[in-house]
Structures are given as C-alpha cells and as structure tokens.
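Undergrad: what's the 3D shape of this:
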Amino acid sequence: MQVALPLRRAATLALSRVDGTRVLFVVVLLALAWLVLLPLFFIVRTSVTPDTLRPSNELTLQNYLDLFSSPTTYELLRNSLVFAFGANLIAIPVGVLLAWIVERTNTPLKVLAHLAAYSSIAIPGVLKVIGWILLLGPEVGIINVLIRGALGIEGKVFDLFTMPGMILVEGIQFVPIVFLLMLGPLRAMDPNLEESAATSGAGPLATFLHITMRLATPAVFSVLILTAVHAVESFEVPALVGLPGGINVLTTEIYLTISFGLRARYGVASAYGVILIVLVAAGIYYYSVLTRQASKYATITGKGLRPRLTDVGAWKLLTTPLILMLPALILLPVLALLWASLQPYNAPPSPEALGRLTFDNYPAVLQNSQIVSALTNSFLVAGAAATATVLFSAVVAWLVVRSNIRGRGTLDFLASLTMVFPGLVLGIALLRTYVALPLPIYGTLWILVLAFMSKYLPYGMRFSSPGLLRINRELEESAQMSGVGWLTTFRSIVLPLMMPSLAAAWIYIFLLAMKELSVALMLYSPGTRILATLIFDQYQAGRITEMAAFGITVSAILAVVALVFHRLSAHYGLRSA
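TA: A predicted model of the protein is given here:
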C-alpha cells in the first residue's frame, strides 16, 4: 500500500500535466482523416486497380490510359463544361439582376423574392427537374400541349431532352442560389459612387451597368465559378433530362459505369471520379483566389454608410414583374407536380382531365410502406447527420480559431476538403472504403450518416467559424482563470453563445441531407432507401402521380423548415454560403 500511493500520486500528476486541448486536437485530426482522407485514398487506389472479376492488389494506370485514349472521354469533358457554363449564362445575369432590384432599388413586393429563394431550398432537386419535365416534356409536357392546342400545330414545340434543355433547367435551378449569394456583396457596397452617377444624370440602368456591376465584379466571378463547379458535379438534370436525349456528361457516365452492364466497373468509374475531383478542385481554387483578391474592389469604409435605395421611377413597370419571376420559376414545377398528384394517371390539363381530379394519391402515400419507411429513414439520417456535423464542426472551429496549437490550420483544410468531392464520387469512395474495412455499416443507415457528415462538414465550418468569432475571447479566459477546464468552458459558455449559428447550420444541413440524391444513390440498399432515392426510383418506374403526391407532401414539410432557417438567417445575419 505504501508503494501504491506514490505511484497513484505520480499517475495523477502526469495526467494533470496532459494538455487536454492537444489530446482533443489529435482526436479531431484522426476523425477528419477517417472522414476525408480515407475515402480519398480508396477512390484513388481503386482508380489504379484493374477491373477484373477477381479482387486484385495489382496497381496499374491502364484505366487512365484507356480513358484518355478514348474520344468518348473528351466528349464527356466537353459536354460537362458546355453544360456548366451554359447554365451560368442563364443563372448569373438573371440572379444578379434580381439581387440588385431587391437589395438596391425601391421596387415593391421584394419580400416575395426572399421567400421564394429560401423556399426553393426546401424542394428536392430531383423533384424540381421532374416538375420541369412535366412542364416542358416534348410529348405530354403541359406547356408544349397548351402551345400546340393554342396554335393548332403538331409535333414538338420545344424538345427538353437536348443540351439546350439541360442548360435551361439547370440555369433556372441556379437562379435562386445566385440571387442569395449576391445579396450580401450588393448590400455591403458603398453607395457614394452610385449616388454620384445619379447626380450626374445617369439613369438606373446605366448606373447598374457601369458602376454597380464593375464594383461587384469579384463577387460575380466568384459566384460564377462556384455555380459552374456545382453544375459540373450535378447529377439530377443530366440523368433525368440528358440521358433520355442521349446526352452524357461525366457524372452520368460514372453512374452508368457502376449501375449498368454485366458488372460494376469500379476502376474506370473511379478514374472518371478522380478526373472530376481535379476539375472541381481547380474551380474551387480559382474561387478562393478571387475571394482573396476582392479587397482590390473594396468600397466599404469605417463611416457606417448604408446604401440608399435607387428610385427606379417608371422602371417599376419592368422591375416588379422581374421580382415576380423568381416566385414563378419556383412555383411552376411545383404546380405541375401538384396537377399530376391530383390525377389517377399522368395527363396534361384538359376539360376531361379536370373531371378526373382526385385526392386518392395522398392517402395512398401514407399507406405505402415503402414511402413511410423512406420518409422515416430520411428524417433519422438527416437529423443524425446534421446533429453530428454541427457538433463536430463546432469543435473543429474552436480548435482552429481559439487554440495556439501549431498545425491547427490543417484541421480547417481537411474539414473543407470534401468540397472537391462530387456527390457520386464521394458515394463510390465511401462504398469502396466500407466494403474494404472490417466495419459492418455497409447496407445500414450509419453509412449514410457518415457520408452526409463527410459531404456537409464544410457547410458546418462556414457557420461555426463566424459564430465563434462573434464571441469575445475574454469570456473563455475568465472561466479558465477560475479553474474551469476547456471541456466545461466549451459546453457551458461557447456552445450556448454559438447556438444561433449552430441552429441555422443544423437546419441548413438537415435540408440538404433530406434532398441529397447522388451520394445516397451509391450507398443505399432496399432497406435503407431515403426520400430522394425513392423519388428517383418511382419516376424511373413511371409511377408519376404517386411520386408527385409524395413530393408535394414532403416539400410542404421542408418548406416550413426552410422558412425557419430564413428567419434565423435574417435575424442573426447568417449566410448559407
């Protein structure tokens, strides 16, 4: 006993000298390596593994040699880039113009644009695309049918299943995103130059083109690159609009390589995935360069100036309908889905179809065990992923912002690295990871939770870091001087003060996870089907009316959540990008 007591005191003294923050740093670093570096390792390793029927440890560059020696690869690259930048030719001008009208003019009804943009976050992307197919489909699309009937013509008025059709739908999808991203830069701009132009006799349009747009150039180019990156990795529009028209891009080629054929060609698909990662990484790099150079265009001073709204005068006759265009772009596909949900079978509007209106599809939604299971799975996965991601990103942000540990910037880099992973590629990477590792989560909901954590960790960091910077460091220092440990300080002081940011982050990540298709498409099994994958499968199976009723019900639920996010964002000045 006399020997044991000194040993116990020595052990206690040694433990007291251990820096808890450094231990936390190591634990978080290992967790980030698991979530980010491990999938990256497996996608690269699979890309240099031959596609053989038997497992092989041989490493080869044959997959890349086959791809770069094939004209198909260059056609896929060309289609992907044309699709991405074509969509931006629609989204950027429309989104920037709408943001300027809302933020810098006295046009009425501006609140409708805000509500529409935030409501669009609630609608799953796969549903939006299906809604536009119901509107613009060449055969029974509502708009095509109405135009043919009004003009008395036959044949296709507009063929959606073409590259212009893909660009149109994707561009419309990005308009609310560009609108929201441009509100902040336009709001922060010094109004003196615009007021000077107006005093010199320049009209609202000339001031917008020659003053406002030049000052907003870095922000516009940053948004352009960001949306182009998202378009390159987009899956829903290329799969649902491009494939029926025989138009293939990188993401759909990856999907077809895995999902169709005699066997899944993971080596070739992974090689395509690495090419896509390089493209996305290059875009994000240039985006970061542009945002760092934005200071050259800074016009905000320390005078606390607030932009004065431009009186557009008679131009309100034009700007007001433009404001209403954003809600219209959101509502039109929803109305098409609503119409389909009220029909016993899919049919365009007509006097006969009006007589067939029914609500029978809605009770069928709640009675369908597959739908109930998918909805339950979605809420469980999205809720768990949002909670885990928010808490983990808060810890990572605290280490990056508050600690003095050398190398803490590595945590921020790793936490943001999955931004370069397109959804399908991340899905394949995680599939190969958890098939190879002796961790029994493949085929369970846990693999989806971890996948969404990996994908949405950068978003959690974008909310957590600004929320932490708002908290004065003196509060934590006072607690530590009183003898309180870092864990108690973090739990009792930091987390409660960060709660508005964390709540907004939770809602935003929850909404994204509820809508996610591309990652889940590679990882779900019949027992772990979630909302987006079920909608995709139902549409592919031709069950349009039941799918539409399901989609309308879910969108209404998520719209309420999105409006709560809007209120938090408006109240606390939080931004989703």
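
Undergrad: what about residue 354, how many neighbours?
TA: Residues lying near residue 354 (other Cβ atoms under 10 Å) number 10. To be clear about C-beta, it is placed using only N, CA and C from the backbone, and glycine gets the same treatment.

Undergrad: quick one: pLDDT of it?
TA: If you check residue 354, the pLDDT there is 86.

Undergrad: same check on the one 4 residues further on?
TA: Confidence per residue is given as pLDDT, and for residue 358 that number is 88.

Undergrad: and it, which of the three is it?
TA: coil (DSSP: H, G, I helix; E, B strand; the rest coil).

Undergrad: what residues are up against it?
TA: 342-344 (Cβ atoms under 8 Å, 6 or more residues apart in numbering).

Undergrad: what separates it from residue 335, distance-wise?
TA: Distance check for residue 358 against residue 335: by Cβ to Cβ, to the nearest Å, it reads 17 Å.

Undergrad: these two touch, right, residue 368 and residue 549?
TA: No. With contact defined as Cβ atoms under 8 Å, residue 368 does not count as touching residue 549 (9.9 Å).

Undergrad: quick revisit: nearest to residue 76, of the contacts of residue 358?
TA: Residue 76 lies nearest to residue 343 out of the contacts of residue 358, by Cβ to Cβ, at 37.4 Å.

Undergrad: tell me who's in contact with the residue nearest to that closest one when sequence neighbours are not counted.
TA: Distances taken as Cβ to Cβ, 6 or more residues apart in numbering place residue 545 nearest to residue 343, at 5.5 Å, with adjacent residues excluded. Shown in contact with residue 545 (Cβ under 8 Å, 6+ apart): 340-341, 343-346, 361.

Undergrad: just the buried members of those residues?
TA: If you count burial by 16 or more other Cβ atoms under 10 Å, the buried members of the contacts of residue 545 come out as 340-341, 343, 346, 361.

Undergrad: quick check, nearest of the residues you listed to residue 247?
TA: Using Cβ to Cβ, residue 346 comes nearest to residue 247 of the buried ones among the contacts of residue 545, at 23.5 Å.

Undergrad: look up phi and psi at the closest one.
TA: Backbone torsions of residue 346, given as degrees, to the nearest 10, read phi -70, psi 130.

Undergrad: thought it was touching residue 139?
TA: No. Taking Cβ under 8 Å as the definition, residue 346 is not a contact partner of residue 139, at 10.9 Å.

Undergrad: okay, which residue is most central for the protein?
TA: Nearest to the geometric centre of the chain sits residue 512, at 6.2 Å (Cα atoms, centre = their mean).

Undergrad: which helix or strand contains it?
TA: helix 495-515 (DSSP states H and E).

Undergrad: hmm, back to that, okay, the contacts of residue 545 in a markdown table with distance to residue 174 next?
TA: Output for these, formatted as a markdown table (distance: Cβ to Cβ, whole Å):
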| residue | distance to residue 174 |
| --- | --- |
| 340 | 24 |
| 341 | 26 |
| 343 | 30 |
| 344 | 35 |
| 345 | 33 |
| 346 | 27 |
| 361 | 31 |
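
Undergrad: shouldn't the residue nearest to residue 343 be within a strand?
TA: No. Assigned with three-state DSSP, residue 545 falls outside any strand and is helix.

Undergrad: ok, it to residue 333 distance?
TA: For residue 545 relative to residue 333 (Cβ to Cβ), the value is 16 Å.

Undergrad: returning to that earlier point: let's see which of the contacts of residue 545 end up in helices.
TA: Secondary structure defined by DSSP state H assigns 340-341, 361 of the contacts of residue 545 to helices.

Undergrad: among those, find the lowest-pLDDT one for me.
TA: Lowest pLDDT within the ones in helices among the contacts of residue 545 is found at residue 361 (88).

Undergrad: thinking again about what came up before, ok, residue 368 and residue 549, which is more surrounded?
TA: Taking neighbours as other Cβ under 10 Å, residue 368 and residue 549 compare with residue 549 leading, 26 against 18.

Undergrad: hmm, that one is touching residue 344, no?
TA: No. Residue 549 is beyond contact range of residue 344, at 11.4 Å (criterion: Cβ under 8 Å).

Undergrad: just curious, which of the contacts of residue 545 is nearest to residue 206?
TA: Nearest to residue 206 out of these is residue 340 (Cβ to Cβ; 45.5 Å).

Undergrad: any idea which element the closest residue to that closest one other than its chain neighbours lies in?
TA: Once flanking residues are discounted, residue 340 sits nearest to residue 548: 3.9 Å by Cβ to Cβ, 6+ apart. Following DSSP H and E, one finds residue 548 within helix 544-572.

Undergrad: pLDDT at the residue nearest to the centre of the chain, what is it?
TA: pLDDT, residue 512: 88.

Undergrad: pretty sure residue 380 contacts residue 446?
TA: No. Applying Cβ under 8 Å, one finds residue 380 not in contact with residue 446, separated by 10.4 Å.

Undergrad: what is the burial count for residue 431?
TA: Neighbour tally, residue 431, other Cβ under 10 Å: 22.

Undergrad: which SSE is immediately downstream of whichever strand or helix holds it?
TA: Following DSSP H and E, one finds residue 431 within helix 423-436. Next in sequence after helix 423-436, counting helices and strands by DSSP H and E, comes helix 445-469.

Undergrad: what's the angle between that next one and helix 544-572?
TA: 20 degrees (axes from the mean of the first three to the mean of the last three Cα atoms, to 10 degrees).

Undergrad: helix 445-469: which residues count as buried?
TA: 445-468.

Undergrad: now swap in stretch 73-89 and tell me
TA: Within stretch 73-89, the residues that count as buried by 16+ other Cβ under 10 Å are 73, 76-77, 79-81, 83-88.
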